[in-house]
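[1] Starting from these lines, generate the structure:
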Amino acid sequence: MARHPMPNADAAWLRMDRPENLMAITSVLWFDRPIPPEPLGAILRERLVERFPRFAQRVVDGGTLGGVHWEDDPSFDLDLHLHHVALPQPGDRAELQRLVADLMARPLDRSKPLWHTWVVDGYEGGGAIVTRMHHCIADGIALARVMLSLTDPTPDAPAPAIDLDDHDRHRSLLGRAAGPLAPALDTGRAVAGALVRESAETLRHPSHAGELARGAAGVARALAKELATPSDPDGPLRGALHPGERVAWCDAVSLADVRRIARAHDATVNDVLVSAVAGGLRSWMLQRGAVEREIHAMVPFNLRPLDQPLPRDLGNRFGLVLLALPLLEADPVARLHETHRRMQAIKDSPEGPVSYGVLGAMGVSPPAVEAQLLDLFSAKASLVLTNVPGPRAPVYLCGTQLRGVLVWAPCAGSVSTSVSIFSYDGQVTIGFMVDAGLIPDPGELVAAVDAELAELLPPVRA
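    Numbers count the residues shown, from 1 in each chain. Modelled structure (predicted):
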């Protein structure tokens, strides 16, 4: 049976699984009407399984000498990966959030391909689809594109799916990003040598000529920043983690309104959304008496050219940057301006490509060393923050209009919170995935972010 070696960065994500932080990317899509499972199964087979071999392959660990491989699952059965459930009454958002959280707590069976899809009936008069895919298959922006490739531009179109290459390619740092927290640098020579080799290969990518031009000095500064950044303090977002998550998301926000705020302050849409998350966190933490210093978000940085089709073998092609959130700034407008300044400062830094090299180095490290590095670097951030741009116009699955989407990157190491920002059809949805033991009610975080956006908007409309 043919085996396909797993790239080092993908192997790193495979080995990051812990009971309190499972490395699965979770997406939830909701629709105007229920989705019929049988037609969906045919679409999954044609556009997912047959197009991307990883969805019919399982992981094989060959040990120290053999390494980790993919191999075709000889007993692959699509029906074992497609499930049909109904929400309890009243079938509202709270019930769907509870279901998503329950599904997030289930480890993926490594003897089978590492993904599952649930068709959900009874959600607010329509339906929903929840999908979980292991991070070793691909990064978040790639998997978001994969999921949206199942859709069509019109209710009756047999055409191939919408390709995100055509949508918001210019959307700044977060618009190019998705995927979760990672990683780390090591102190041993062997792993350091692997890091240098992996980083050099990344910097040679034609899309990153600027990073290459900065040369070794820029790489050294990026590595030094990662190492020198102090650990985030213990508090409402940091502490002992527990198996199990909670999720909550806001009502969709008008993208036009967000753009108005951005134009009024010479900022980007991403600046406004990140600032709103920072302001919401500040308000929520102040209620708990815990805003003594800033905290950091781990922001994924896409390294895959968005003007090219996804490769059949998918994989992870992203790095990470640390963004200090300006929680100590009390004024919302001043906080937005400071967020803009910090985002500009990291857009052209080599931190993203360098951290991808770190992931590759972790993938060839002994498991004990990788775990230590993960703990070391995950301590420097309190949350993962991803923003994925979706289609600007409505899309359809099985003839049914998609109403909204969220895609959560998993947390890694000691990080407790993942924030998902997803834009689609002129609207933006913000959702939180949190450790259930640390934050029993993520709805409070959602409400705080809503209030922050509301405070910025009225002066702009006036």
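[2] Which stretches in the chain count as helices?
    When assigned using DSSP state H, the helices of the chain occupy the ranges 8-15, 37-44, 63-66, 93-104, 140-148, 172-175, 189-203, 209-228, 255-264, 269-286, 332-347, 351-363, 367-378, 443-461.
[3] so what are the domain limits for this protein?
    Listed domain ranges for the chain are 3-166, 172-392+404-461 (source: automatic domain parsing).
[4] most neighbours per residue, which of the ones you listed?
    domain 172-392+404-461 (a mean of 20; mean count of other C-beta atoms under 10 Å). C-beta coordinates here come from the backbone N, C-alpha and C atoms, glycine included.
[5] and stretch 324-341, how far apart are its ends?
    Terminal residues of stretch 324-341 lie 11 Å apart, using C-alpha to C-alpha, to the nearest Å.
[6] What are the contacting residues of it?
    By C-beta atoms under 8 Å, 6 or more residues apart in numbering, the surrounding residues in contact with stretch 324-341 are 261, 265-268, 271-272, 274-275, 277-279, 281-282, 285, 291, 293-297, 342, 452, 455-456.
[7] With stretch 428-437 instead?
    For stretch 428-437, contacts defined as C-beta under 8 Å, 6+ apart pick out 20, 26, 101, 104, 240-242, 244-250, 252-255, 258, 273, 276-277, 404-406, 408, 411, 416-423, 442, 445-446, 449.
[8] any idea how far R312 is from A12?
    Counting by C-beta to C-beta, to the nearest Å, the gap between R312 and A12 amounts to 21 Å.
[9] actually A393, sorry about that
    37 Å.
[10] can you check D139 too?
    Distance, D139 to A12, using C-beta to C-beta: 12 Å.
[11] same deal with F55?
    Between F55 and A12 the computed distance is 21 Å (C-beta to C-beta).
[12] Repeat that for L402.
    From L402 across to A12, the span is 33 Å (C-beta to C-beta).
[13] Can you check which of the domains of the chain gets nearest to C398?
    Distance to C398, taken as C-beta to C-beta, is lowest for domain 3-166 among the domains of the chain, at 4.7 Å.
[14] Measure how far that closest one is from the centre of its chain, please.
    14 Å (C-alpha atoms, centre = their mean, to the nearest Å).
[15] List the ones among the contacts of stretch 428-437 that fall in strands.
    26, 245-249, 253-254, 404-406, 408, 417-423 (DSSP state E).
[16] circling back: okay, the domains of the chain in JSON lines with distance to C398 next?
    Output for the domains of the chain, formatted as JSON lines (distance: least, C-beta to C-beta, whole Å):
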{"stretch": "domain 3-166", "distance to C398": "5"}
{"stretch": "domain 172-392+404-461", "distance to C398": "16"}
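[17] Mean pLDDT lowest where, among those domains?
    Looking at those, the lowest mean pLDDT belongs to domain 172-392+404-461 (a mean of 75).
[18] so what's I129 closest to, chain neighbours aside?
    Using C-beta to C-beta, 6 or more residues apart in numbering and skipping residues adjacent in sequence, the residue nearest I129 is L29, 4.7 Å away.
[19] swap that for G426, sorry
    Distance criterion C-beta to C-beta, 6+ apart; nearest residue to G426, sequence neighbours excluded, is L255 at 5.1 Å.
[20] How about the contacts made by that neighbour?
    Applying C-beta under 8 Å, 6+ apart to L255 gives the contacts V269, S423, G426, Q427, V428.
[21] Tell me the one of the residues you listed nearest K347?
    For the contacts of L255, the nearest to K347 is V269 (14.2 Å; C-beta to C-beta).
[22] now the closest one: how far from H340?
    Distance from V269 to H340, by C-beta to C-beta: 11 Å.
[23] Ok, P74 next?
    From P74 across to H340, the span is 53 Å (C-beta to C-beta).
[24] Check R282 too.
    From R282 across to H340, the span is 17 Å (C-beta to C-beta).
[25] just I346 next, same as before
    To H340, I346 is 12 Å away according to C-beta to C-beta.
[26] for V272, same thing?
    9 Å.
[27] can you list residues touching both of those two?
    Looking at what touches both V272 and H340 (by C-beta under 8 Å, 6+ apart), the common residues are H265.
[28] which residues sit in contact with S420?
    S420 is in contact with W249, T386, V388, L406, V407, W408, A409, T429, I430, G431, F432, M433, counting by C-beta under 8 Å, 6+ apart.
[29] Report the beta-bridge partners for the spatially closest residue to the first one that is not a sequence neighbour.
    Spatially, and ignoring its direct neighbours in sequence, W249 is nearest to G431 (3.3 Å; C-beta to C-beta, 6+ apart). Beta-bridge pairing of G431, defined through DSSP bridges, involves W249, S420.
[30] and what of N387?
    I421.
[31] cool, and V321?
    V299.
[32] try D435
    E245.
[33] distance of it from N21?
    8 Å.
[34] Please apply the same query to C136.
    Distance of C136 to N21, computed by C-beta to C-beta: 14 Å.
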